[in-house]
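> Below is the structure, and that's it, no one-letter string:
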């Protein structure tokens, strides 16, 4: 009896969360930017550069090109990130990495700071219940991208 009740509750919770996304942490969007860092302090640009080049972790170079190693592996689906630090402010870059879908709902760029619980076949099991990148990872990437001025 108890097992049946637990299974019923688990089923209801699973159904209620189906298709839901949560934020990994809180932030405030002002216009087209997140002005405050997701975690305390500035990120590390060197770590951000390494993350961008890591095709298994950040996935940035699957779609973007830029001044990164292995240019022959860069994607062409998304804007070139060369000079992004001159085109966008730090907070604008942060929002684009956190949740580009807020600005362009039909973008193929994932929301790196959202937790995809059960989005059906589009979310691999390894990525469920956690964000793609942590707040610290995002701050490192933002710190690096803001250095790309030209």
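That came through fine. It should be emphasised that the depicted structure is a prediction, and the values quoted were computed from it without experimental measurement.

> which regions of the protein lie under the pLDDT threshold?
1-23, 116-122 (pLDDT under 70).

> give me that answer again for 90
Scanning the chain for pLDDT under 90 picks out the ranges 1-26, 40-41, 55-59, 73, 110-111, 114-132, 150.

> any chance you could map the helices in it?
Secondary structure of the chain (DSSP state H): helices at 2-17, 45-53, 60-63, 84-87, 90-99, 135-145.

> Dump those helices to JSON lines, plus distance to residue 35.
No exception for glycine: its C-beta is placed from N, CA and C like everyone else's. Shown next, in JSON lines, are these (distance: least, C-beta to C-beta, whole Å):
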{"stretch": "helix 2-17", "distance to residue 35": "30"}
{"stretch": "helix 45-53", "distance to residue 35": "18"}
{"stretch": "helix 60-63", "distance to residue 35": "22"}
{"stretch": "helix 84-87", "distance to residue 35": "16"}
{"stretch": "helix 90-99", "distance to residue 35": "4"}
{"stretch": "helix 135-145", "distance to residue 35": "12"}
